[in-house]
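Colleague: I need the structure of the sequence given here:
(chains A and B)
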Amino acid sequence: MFKIDISSTIFFLKNLKKTLFSNLFNTIITLLIILFISVAISNTFAWLLFKANWKVVISNLPLYAFGSFPPNEQWRPATWMISLLLLSIFTLCGPEWKWLRKNLLIVWVGTIPLGLYLLYGGLGLSPIMSRHWGGLTLTILLTVCSSLLSLPFGIVLALCRQSSLPLIQKLSSIYIDVMRAIPLIAVLFFGQLLIPLFLPVGIEIDRVWRAIFAFTLFVSAYIAEDIRGGLQSIPNTQIEAANSLGLNQYQIIQFILIPQALRIALPALTNQSIGLFQNTSLMAILGLVELLGVGRSILANPEFIGQYIEVYVWLACVYWMVCTIMAVLARHLEQRMTINQANF
Amino acid sequence: MEPIVIAKNLTKSYTKGLRALDNVSLKVNRGKVLVVMGPSGSGKSTLIRTFNGLEAFDNGELNILGIKIDSTHDERKIQKIRRRVGMVFQQFNLFPHLSILENITLAPIHVQKRRQIEAEEYGMYLLSQMGIDSHAKKYPSQLSGGEQQRVAIARALALKPELLLFDEPTSALDPERVNEVLDAMRRLAEQGMTMVVVTHEISFAKDVSDQVLFMDSGKVIETSPPNIFFSNARHERSRKFLNQLDKH
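Modeller: Below you'll find the model as predicted:
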């Protein structure tokens, strides 16, 4: 049963009339804006529903998801991504059992070795070279591996920058400043083109790992600064209290400083990981066939030539959806962390 | 009579010419309560913070529980002292990201390497002594100031200290919350705990202390038993300070 509050509706309409149609000039402006919006909406929908040829998306769905992963093995990356999605849903809406909530983080970290195992193969699965990885799978793999590696590296950098030893302090601030002064694309070029030159003949690091390595070097500098902000906002009295309990320096860092700094830095860290997810698209320029790279290679196919708009609209939707999931998960984490600590 | 704290000629200056501690000497025996009074800036907080190494000093000698420290501020000796000396702060300084029970068990588990179950049992016992065992699972920000300060006392007691230092433990509390903390401290004194208490609470000093030490601008003006200090202080400066306190 709909229940419409008539008096408030009338009030709303009257108010609308007063603000939007108060005189001739305002009426004209209002009508023009309504006309413009409706033309834009109807054109967009007409294009989306009738003019656009979605065959370029629909017939290539496995390509967007898995790149050139062998078709009869595609269940492997599919399993990984579906398990990530299910775990996200479970984290957001699952039951509130305490032992479960405590171990959820371990499960999340555990998805990375699971994903690597499913992609690489071995131990009963047929091995697959990393040059066959691609699409959304590769994008997500780059994001999770780089962010997981850059978090501890960033924490160490932040602690070194706060260190009382001048040499360590100077070295880490030079590293952070240099990394922040270089554009990401330059670091990625360094990773892809220069690292192989430095390595002795015969040793070769996989391109995917070189990309992850380069992202880690770059992002950890930013993460270090976010965490330093968190460290600096912890009052000195916390350290005094821990000192007077006889905790040593490392215990203070482990039990008092890092947990509090991470909590304070959490919104900034979320930002970094969403930024990282989007920046993985730069790897398309450097020859990795991740999500954007798949789009570019499909557009190079004579069958789909010129269908830029369809492909990029579709890619934008996919990026938007994954970013939304990440943002919702991060907000959930923030709420859980501050649930008991209103004055924190 | 076993001395717990012996200070000899402690001197400390933050900036040249301005002395936070000026030739301070004192002695506290086991089971005794020393109350330190004085106007703000007189160096009383600095004094008790030297006892567990939170402040270094420039000259003099300190003997805490038989461990001697001097101006070199030897970290290993200070660490030894800290394991046997508890401290309670004006602003409680609880760890906001840990629950009440975790606040209390942190040091026993990681400093004394006790088993978690054992540490939690003793923590719960201490909380029930303080009358706040029902809050064990809560976080510090969910408690009132008086409750937080009692948690801080329980946290200091968890290491089974032989000396407790209190740095103005009731100054940050609402007036009606002061007594619940003072009562807890009274019970500790009755149980024979050695305590050094910086406070402005005259009634506490009168009832509980064995000695009152009065400081001004880094110097010890006088050390007297409370009945003499409050009725017939020897020094003009002490009498002036007590008059000021009475007016409030």
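
Colleague: Would you verify that B:Leu213 is located in a strand?
Modeller: Yes: counting by DSSP: H, G, I helix; E, B strand; the rest coil, B:Leu213 is found in a strand.

Colleague: ok, and the closest non-adjacent residue to B:Gln116?
Modeller: Closest residue to B:Gln116 in three dimensions, ignoring its sequence neighbours and counting by Cβ to Cβ, 6 or more residues apart in numbering or on different chains: B:Ile109, at 5.8 Å. For the C-beta atoms, the positions are set from N, CA and C on the backbone; glycine is no exception.

Colleague: Would you mind listing the buried residues in the lowest-mean-pLDDT helix or strand in chain B?
Modeller: None of the helices or strands of chain B scores lower by mean pLDDT, DSSP states H and E than helix B:236-247, at a mean of 86. Judged by neighbour count (16 or more other Cβ atoms under 10 Å in any protein chain shown), helix B:236-247 contains these buried residues: B:Arg237, B:Ser238, B:Phe241, B:Leu242.

Colleague: re earlier: the residue nearest to B:Gln116 reaches B:Ala119, doesn't it?
Modeller: Yes: judged on Cβ atoms under 8 Å, B:Ile109 makes contact with B:Ala119 at a distance of 5.1 Å.

Colleague: quick one, what contacts A:Ile28?
Modeller: When the contact criterion is Cβ atoms under 8 Å, 6 or more residues apart in numbering or on different chains, A:Ile28 has no partners at all.

Colleague: swap the cut-off to 10 Å and go again
Modeller: Residues counted as contacts of A:Ile28 (Cβ atoms under 10 Å, 6 or more residues apart in numbering or on different chains) are A:Phe21.

Colleague: confidence score at residue 98?
Modeller: Since no chain was named, I'll use chain A. According to the predicted model, the pLDDT of A:Lys98 comes to 72.

Colleague: other chain: chain B
Modeller: The pLDDT attached to B:Leu98 in the predicted structure is 92.

Colleague: Now do B:Thr15 against B:Asp58, distance only.
Modeller: Shown here: B:Thr15 relative to B:Asp58, a distance of 12 Å by Cβ to Cβ, to the nearest Å.

Colleague: my bad, A:Ala224
Modeller: The span separating A:Ala224 from B:Asp58 equals 37 Å under the rule Cβ to Cβ.

Colleague: So between these two, which is more surrounded?
Modeller: For A:Ala224 and B:Asp58, the more surrounded residue by other Cβ atoms under 10 Å in any protein chain shown is A:Ala224, and the numbers stand at 26 against 13.

Colleague: Contacts only, for the closest residue to the more buried one other than its chain neighbours.
Modeller: Taking Cβ to Cβ, 6+ apart, and ignoring the residues beside it in sequence, A:Ala224 has A:Leu157 as its nearest neighbour in space, at 3.6 Å. A:Leu157 makes contact with A:150, A:171-173, A:175-176, A:179, A:220-221, A:223-225, A:227-228 under the criterion Cβ under 10 Å, 6+ apart.

Colleague: Let's have those residues in a markdown table, adding secondary structure.
Modeller: As requested, those are arranged in a markdown table below (three-state DSSP):
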| residue | secondary structure |
| --- | --- |
| A:Ser150 | helix |
| A:Leu171 | helix |
| A:Ser172 | helix |
| A:Ser173 | helix |
| A:Tyr175 | helix |
| A:Ile176 | helix |
| A:Met179 | helix |
| A:Ser220 | helix |
| A:Ala221 | helix |
| A:Ile223 | helix |
| A:Ala224 | helix |
| A:Glu225 | helix |
| A:Ile227 | helix |
| A:Arg228 | helix |
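
Colleague: which of those residues count as buried?
Modeller: Applying the neighbour count, that is 16+ other Cβ under 10 Å, the buried entries in those are A:Ser150, A:Ser172, A:Tyr175, A:Ile176, A:Met179, A:Ser220, A:Ala221, A:Ile223, A:Ala224, A:Glu225, A:Ile227, A:Arg228.

Colleague: Please report how far the third one lies from B:Pro225.
Modeller: Look at A:Tyr175 and B:Pro225: by Cβ to Cβ, they are 62 Å apart.

Colleague: same check, this time on the fifth one
Modeller: For A:Met179, the distance to B:Pro225 equals 65 Å [Cβ to Cβ].

Colleague: Any residue of stretch A:141-155 touching chain B?
Modeller: No: taking Cβ under 10 Å from any Cβ of the partner chain as the criterion, stretch A:141-155 and chain B are apart, separated by no less than 15.8 Å.
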